[in-house]
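Trainee: need a structure here:
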Amino acid sequence: MAGDGGAGGGTGSLRGGAAPGRPQHVVDLRSDTVTQPGAAMRGAMARAAVGDDDYGEDPTVNELQQLAARTLGMEDALFVPTATMANLIAVMCHCQRRGAQLLLGAQAHLHIYEHGGAAQALPDLPDGMLDLEQLELAIRETHGSRYHPRPELICLENTHSSAGGRALPLTYLQQVRLLAERYGLRVHMDGARLMNAVVSQAVEPARIAQHCDSVSLCFSKGLGAPAGAVLAGRRAFVAEAWRVRKLLGGGMRQAGVLAAAARVGLEQAEETLRRDHDNARRFAQGIKELNSPLCSVSLAAVETNMVMVEVKGLSPAELCAHLQAVSEEELAETGHAVSVLLFPWSERTVRAVWHCDVSARDTELALNKLGFVARKCQEKLGQGNSPHSTGEH
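Mentor: From the prediction side, this is the model:
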């Protein structure tokens, strides 16, 4: 697995800090894409049997594809370089007719970060779901019309990153599936963090995937592999997906070294992701206990490995800058030189994401740093100054 992630000394990296002679400990919570392959994963990569995957001759890739298909309850699966490519291939395979349209949430990763130009974007609810009445209305407005794009595909994201890693309820997935069948549409799931939903809901992956015609699954996020994803579905769909992968330049040669890492991540997913979820929950609970006017969090919204922190009194970018910086004052007061990296998500929100390289100790260090920054900002506000008027912390 990419990093130990357990209790003890922590797995944050060491870099030269502001305090002379004291290295600073970095806790990187920007994303679960920053993980490093650990000893078990690197060993599997070194031992991997390989062949030309473009000829279908890489045994490690073939084994991973079979394992992924069984895990997701699908007939077949295809290994691709990235989840973005997996989602693009799915859209291209499902929407082959000219004028075809896909429907998805306005805040969906596929729409915002993967150039979903052929999509009709619908408002997302706070929990990442779509309003089913609005979804059906959007389908009915164009279904059977000669003057509008033809709705072909509904795309879901599970877990939903813009909603803070919320897992889509199984009842909702069933309702979307029934709606799609009523109008002859297909359903694709962007399952970049599907295994986080699996662990959160304590179900088998196939229980989630059964409501979809195709599912993508990313290995380079919470599962800790350096690269790779799969696209799964019916056998005929995956055969067409192979052709599109070739068209997009995604055919690889001795890709078994990547598939071996992906398999380790998939096999260790439950243990790794459960630890990530526990650490994220501990961080959110710690923010509640801080009771600081600077930041707040909704515990009910913390379902997996993400925490969305609402910021007041300064901008999210400024809070991130304070958390990243290390000062002599911090070292003297706390005894630690800790740099915490977070992602300024929106105008009022900072996102923190747990992964296998962040331990329970790292989580406590990050909480302590947030507490230190909150106190210093409040002291400056109490003095009538802007909390970001100096670079002291």
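Trainee: when you work out contacts or count neighbours from here on, use the C-alpha atoms and nothing else.
Mentor: Noted.
Trainee: pull the residues that contact the strand or helix carrying residue 69.
Mentor: Remark: residue 69 resides in helix 59-72, with elements defined by DSSP states H and E. In this structure, residues lying in contact with helix 59-72 by C-alpha atoms under 8 Å, 6 or more residues apart in numbering are 48-51, 53, 56, 75-79, 204-206, 209-210, 230, 232-233, 255-257, 259-260, 262-263.
Trainee: quick one: that helix to chain centroid distance?
Mentor: How far helix 59-72 lies from its chain's middle: 21 Å, per C-alpha atoms, centre = their mean, to the nearest Å.
Trainee: pLDDT averaged over the very next helix or strand once past it - what is it?
Mentor: Going down the chain from helix 59-72, the next helix or strand is strand 76-80, by DSSP H and E. Averaged across strand 76-80, the pLDDT comes to 98.
Trainee: what ranges do the strands span in the stretch 51-200 of the chain?
Mentor: With strands called from DSSP state E, counting those that start in this stretch, the stretch 51-200 of the chain shows them at 76-80, 100-105, 119-122, 150-157, 186-191.
Trainee: what pairs with the first one, parallel or antiparallel?
Mentor: Meaning strand 76-80. Paired with strand 76-80 in the same sheet, following DSSP bridges, are strand 229-233 (antiparallel).
Trainee: need the contact partners of the strand it pairs with.
Mentor: Outside strand 229-233, the residues that touch it by C-alpha under 8 Å, 6+ apart are 65, 68-69, 72, 74-83, 86-87, 90, 213-220, 238.
Trainee: one step back: the helix holding residue 69 to strand 229-233, inter-axis angle?
Mentor: Interaxial angle, helix 59-72 versus strand 229-233 (axes from the mean of the first three to the mean of the last three C-alpha atoms, to 10 degrees): 50 degrees.
Trainee: averaged pLDDT, helix 59-72. What do you get?
Mentor: pLDDT averaged over helix 59-72 gives 98.
Trainee: send me it as PDB with only the CA atoms.
Mentor: C-alpha atoms of helix 59-72 as PDB (Å, rounded to 0.1, in the frame of the first residue of the first chain):
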ATOM      1  CA  PRO A  59      -1.000 -11.600 -17.700                       C
ATOM      2  CA  THR A  60      -1.100  -9.200 -14.800                       C
ATOM      3  CA  VAL A  61      -3.400  -6.800 -16.600                       C
ATOM      4  CA  ASN A  62      -5.700  -9.600 -17.600                       C
ATOM      5  CA  GLU A  63      -5.900 -10.900 -14.000                       C
ATOM      6  CA  LEU A  64      -6.700  -7.400 -12.700                       C
ATOM      7  CA  GLN A  65      -9.400  -6.900 -15.300                       C
ATOM      8  CA  GLN A  66     -11.000 -10.200 -14.300                       C
ATOM      9  CA  LEU A  67     -10.700  -9.400 -10.600                       C
ATOM     10  CA  ALA A  68     -12.300  -5.900 -11.200                       C
ATOM     11  CA  ALA A  69     -15.100  -7.400 -13.200                       C
ATOM     12  CA  ARG A  70     -15.900 -10.000 -10.500                       C
ATOM     13  CA  THR A  71     -15.700  -7.300  -7.800                       C
ATOM     14  CA  LEU A  72     -18.100  -5.000  -9.600                       C
END
